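# Whatever this is, show me its structure:
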Amino acid sequence: MKEKLLSGLLITALALNICFVNPANTNYSKKSVVHTEQSFPAKYDLREKGLVSSVKNQGNMATCTFFALCSALESSALMKGYGEYNLSERHLAYFTTHYGDADNGAINKECAIYCEDKKWYEDHTAEAPIATLMKGFGPGLESTYAYSSIKGTISAAKATDGAFRLKGCYFIPHDDKDAIKAAVQKYGAVVMNVYPYCWNLSRVCNQSSGAVYAANTNRGSGFHFLNIVGWDDNYSKRNFLTTPPGDGAWIVKNSWGQRTGDKGYYYISYYDAELQNPISPWFSFEVAPASMYDYQYQYDGGAGIDVCDKVSSVAIAFKAKEDESLTGIQIKSKGASTATVSLYRNISTPSSIGSAKAIYTKAYKLDKSGYQTLEFDKTVNINKGESILAVVSFKDSVSYYVDKAYTSTREQGGRGVATANKGETFIKMSGNWSDLATSLNKPASACIKVLSKKGHGRKTISQLTGANLKNTNLTISNSKEATASLSWDSVKNAKNYNIYRKGEKDTGYTLIKSVDGNKTKYDDTGLTLGTKYSYMVIAVSGSAESSSPIKTATSTIAATWIKTLDNSERGKIKITIATTKSAESYSIYRLEGDKYKLIGSTKTGTFTDKNVEGGKTYSYKVRAVKGKLLSAYSGVKKVTAKN
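Purely as a prediction, here's the structure:
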């Protein structure tokens, strides 16, 4: 609304229901979503697969929503192979309630929630922070925007300082176990919510096991957001204080620190009464690299999100900021259908299309409800100042989301600031087009966004994600001093490989090297010790580019190795370690059971293990230490102690 929004990040959205209703009263059933029938294991746990971030602690502030959303984003990044992130709940909370600005003032001046007389960082449902993510704000990094400074201000220019983009936000019916399980397996941690029995856990929670079951609802004015990270169909009903009708529980991550529940996790019975009518839909995120889009044209961005039914088409009109390549479009709808995207040049309203020929058209099958990206399969160049109209038409009518305007900060309790102007977005219902700024009982904007890259001839999203060349299967080793050693699979027909790098405080990836197509290794040297770096290696052949996983490594000191294991003395094993230039000491680890345990350290390069039994075989590995820096582990060496 007000002006086009050019975003540094792609975002996702949370659903509500029926044209201009209260989102807290919506009912989101399994009939509203499409999912594929499939079988599932009896137990599945993202923790066991390293696909969920660590448990955080929100402290004594009501910020659970931001913790649950950031946790889901972190899990999605792990699922996509982007590495481990620690996202800033503070950054998301701040720009949910404050104006942001970036890219020379091109960012929309709307605010999802504007708080004049309350703590801006507390007591939010998911709608407002999701609207904030939708318009390209965040998610920033915890290392830059620490939660410990939650009450501090952040420069408006940092609104789009995000770690990556969001490709989609997919709604999941709370009453469809298969859909929830499928989402956990495909996208990572699911955001869920419950009413406030969490304030009275002594009534429903077995504190020794973290098992939670409420036989009856305890409706109140509060709510709590958490993450489903797995399930156990055989979790015994006897673990609960009150016995539910059957076995089975969701494995749930909380944000109250690791001293609660089972090290911060809980097991909520499938039969829990509080799960049957949540305050808002449950959902999953899908993230994408931060460098995927430069601009995002949109007019929505406030928290006044509602739904219009029986919609057959939506459209958005805008003028190009500069010479660009359009790469995709984002829509927010509910209900399965086939959508056709059509782009028109020098046309500003749907009624002006007439016999005009589209510069791009493509049909897409919609198999999700929520916010999703429709990727263009070819480059669409537009010129600075050109008027562009993007139309999305549905074969079967759908429910479509719109962002209604607020004309003052006091409407709905001062919960938003947004405007809608004529000539921005349009909707087609009952066979007729209308301007959303004037056609409903309040001015509104359709939740539709067009994505672009700066310059002409840029690769489309599908080209960037492997339409023509297979994945490079990148791996990284940090065994060398201040070096990331990259290696990847050879890709047939590749002419060269482009290597991209992003430091932990960078907002995007930079091309650091292009190597010949006959090479599959590269050492990135001279890195800052203790700094985490992320890499992509993309195979290139003409206009085609492969996909690449994002791999992360922390630059550290050179690894050491075990030179010898001397078992000549009974009851002792003497370990000689290769000394390295930067190391201050060396840590020695021995295999005990199925894990290696630290058994000692040395500054001299020699260490004697005196706790051994004759005739028993021992396995050792070592690593170099400098301050808080630890090298990669050495290889394992084995020896049998002398009898």
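
# just checking, Lys637 touches Lys621?
Yes - between Lys637 and Lys621 there is a contact under C-beta atoms under 8 Å: 7.5 Å. Heads up, the C-betas are built off the backbone N, CA and C, glycines and all.

# Now do the shared contacts for these two.
Applying C-beta atoms under 8 Å, 6 or more residues apart in numbering, one finds that Lys637 and Lys621 are jointly contacted by Ile562.

# where in the stretch 401-550 of the chain is pLDDT low?
Residue ranges of the stretch 401-550 of the chain with pLDDT under 70: 406-418, 457-471, 507-508, 543-544, 547.

# redo that, cut-off 80
405-419, 456-473, 493, 505-509, 541-550 (pLDDT under 80).

# for it, what spans make up the helices?
All helices of the stretch 401-550 of the chain, identified by DSSP state H, counting those that start in this stretch, fall at 461-464.

# can you give me the offset of stretch 346-353 from its chain's centre?
Centroid displacement of stretch 346-353 relative to its chain, using C-alpha atoms, centre = their mean, to the nearest Å, is 36 Å.

# Tell me, how many residues neighbour the closest residue to Glu424 other than its chain neighbours?
Nearest residue to Glu424 in three dimensions, chain neighbours excluded: Tyr299, at 4.5 Å (C-beta to C-beta, 6 or more residues apart in numbering). Around Tyr299 there are 31 other residues, counting by other C-beta atoms under 10 Å.

# give me the element Tyr299 is part of.
Using DSSP states H and E, Tyr299 sits in no helix or strand.

# So Leu629 is in contact with Leu529, correct?
Yes - assessed by C-beta under 8 Å, Leu629 is found in contact with Leu529 at 6.0 Å.

# any shared contact partners between these two?
With C-beta under 8 Å, 6+ apart, Leu629 and Leu529 have common neighbours 556-557.

# Tell me which helix or strand comes right after the helix or strand Arg165 falls within.
Assigned by DSSP H and E, Arg165 belongs to strand 164-172. Counting by DSSP H and E, the element after strand 164-172 in chain order, helix or strand, is helix 177-187.

# Report the backbone C-alpha coordinates of the very next helix or strand once past that next one in CSV.
Helices and strands here follow DSSP H and E; after helix 177-187, the next one along the chain is strand 190-194. What follows is strand 190-194, C-alpha atoms only, in CSV (Å, rounded to 0.1, in the frame of the first residue of the first chain):
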residue,chain,number,x,y,z
VAL,A,190,6.2,-26.8,12.7
VAL,A,191,4.8,-23.7,14.5
MET,A,192,1.9,-24.6,16.8
ASN,A,193,-0.1,-22.8,19.5
VAL,A,194,-2.2,-23.6,22.5
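
# For whichever helix or strand comes after strand 190-194, give the mean pLDDT please.
Remark: after strand 190-194, the chain's next helix or strand is helix 201-204, criterion DSSP H and E. The average of the pLDDT scores along helix 201-204 is 78.

# Show me what the helix or strand just after helix 201-204 is packed against.
Sequence-wise, the next helix or strand downstream of helix 201-204 (DSSP H and E) is strand 205-206. The contact analysis (3 or more C-beta pairs under 8 Å, 6 or more residues apart in numbering; DSSP states H and E) places strand 205-206 against strand 211-212.

# which SS class is the residue most central in space within the chain?
Centroid-nearest residue in the chain, with C-alpha atoms, centre = their mean: Leu73, separated by 2.6 Å. Recorded secondary structure, Leu73: helix (DSSP: H, G, I helix; E, B strand; the rest coil).

# how much space between Tyr267 and Ala214?
13 Å (C-beta to C-beta, to the nearest Å).

# Over to Ser291?
45 Å.

# of these two, who's got more company?
Ala214 (25 against 20).

# returning to that earlier point: from Asp309, how far off is the residue nearest to Glu424?
21 Å.

# With Lys513 instead?
53 Å.

# How about Lys151?
Lys151 is 42 Å from Asp309, by C-beta to C-beta.

# The two: which has the busier surroundings?
Asp309 (14 against 11).

# Can you tell me the closest non-neighbouring residue to that one?
Nearest one to Asp309, counting by C-beta to C-beta, 6+ apart, is Ser399 at 5.1 Å.

# can you check Ser269 too?
Going by C-beta to C-beta, 6+ apart, Ser269 has Tyr213 as its nearest residue, at 4.0 Å.

# elements contacting the strand holding Arg165?
For strand 164-172, the packing partners by 3+ C-beta pairs under 8 Å, 6+ apart are helix 177-187, strand 282-289, strand 370-382.

# Point out the most buried one among those.
strand 282-289 (a mean of 26; mean count of other C-beta atoms under 10 Å).

# what is the orientation angle of that one with strand 190-194?
Strand 282-289 runs at 150 degrees relative to strand 190-194, counting by axes from the mean of the first three to the mean of the last three C-alpha atoms, to 10 degrees.

# partners of whichever helix or strand comes after strand 282-289, with directions?
In the C-terminal direction, the helix or strand that comes right after strand 282-289 (DSSP H and E) is strand 295-297. Next to strand 295-297 in the sheet, as set by DSSP bridges, lie strand 448-454 (antiparallel).

# I am finished for the moment; much appreciated.
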